[in-house]
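# Would you be able to build a 3D model of this:
(chains A and B)
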Amino acid sequence: TQLLEQSPQFLSIQEGENLTVYCNSSSVFSSLQWYRQEPGEGPVLLVTVVTGGEVKKLKRLTFQFGDARKDSSLHITAAQPGDTGLYLCAGRNDYKLSFGAGTTVTVRA
Amino acid sequence: NAGVTQTPKFQVLKTGQSMTLQCAQDMNHNSMYWYRQDPGMGLRLIYYSASEGTTDKGEVPNGYNVSRLNKREFSLRLESAAPSQTSVYFCASSSETQYFGPGTRLLVL
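Residues are numbered from 1 along each chain as shown, chains lettered A, B, ... in the order given. Next up is the predicted model:
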């Protein structure tokens, strides 16, 4: 059983469209991280959110941490083919991360 | 500065064979981790080492052993490989952010 549930599992959109990926849990985390992973490589950290209600922006990517620090969302505005990849959320407590199963995003040109 | 390196990149084993996956980091991090990644499951923690000289079980430790050889190196050993251990294995190290290696793709026949 995954501690973090991500939805949707797959997302295929046209270039220029917007998308949102959700990450939900019944557990509280000290922080939540979003990673992007490309085929044949390890995950790379995009952002860490720490405070309940926090919103962080990274160019066209907007990350939000829920008020109760149990859930998060990633919104991409005007998606581009370079945004294609596997997006993973991970909740952190102490030294350890618990990962969601991931959302595979495909942006068609 | 190579970050996190893993060897080998690919390996094919027969059931019952043993092997050791090697991981090294040059970022002077205290904490190191071994994960496995399977389709639809995200990354699951096998073992971690919070500091040199200590190791602890993660979510899926059965069938694996680890050695924190020194601060730089953290190896994962499969004593008697099983087909269920076919997976992609990632090593990571961290201070606050986890940095991942490129992965080892293991097929057990």
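
# Enumerate the positions of the longest strand seen in chain A that are buried.
As assigned by DSSP state E, the longest strand anywhere in chain A is strand A:85-93. Using 16 or more other CB atoms under 10 Å in any protein chain shown as the test for burial, strand A:85-93 gives A:85, A:86, A:87, A:88, A:89, A:90, A:91, A:92. Yep, even glycine has a C-beta here, placed from its N, CA and C like the rest.

# And those, which two are furthest apart?
A:85 and A:92 (21.1 Å; CB to CB).

# Tell me how many other residues surround residue A:55.
Neighbours of residue A:55 under the rule other CB atoms under 10 Å in any protein chain shown: 12.

# Relative to chain B, how far out is it?
20 Å (CB to the nearest CB, to the nearest Å).

# Does that residue have any beta-bridge partners, and if so which?
residue A:64 (DSSP bridges).

# How about the contacts made by it?
Shown in contact with residue A:55 (CB atoms under 8 Å, 6 or more residues apart in numbering or on different chains): A:62, A:63, A:64, A:65.

# do the same with residue B:73
B:22, B:23, B:24.

# ditto for residue A:49
Counting by CB under 8 Å, 6+ apart, residue A:49 has contacts A:31, A:32, A:33, A:56, A:63, A:64, A:65, A:72.

# The second one and residue A:91: what is the separation?
Meaning residue A:32. The gap separating residue A:32 from residue A:91 is 5 Å, by CB to CB, to the nearest Å.

# just the fifth one next, same as before
For residue A:63, the distance to residue A:91 equals 14 Å [CB to CB].

# what about the helices in chain B?
Using DSSP state H, no helices are found in chain B.

# Can you list the low-confidence ranges for chain A?
Across chain A, residues meeting the criterion (pLDDT under 70) sit at A:1-2.
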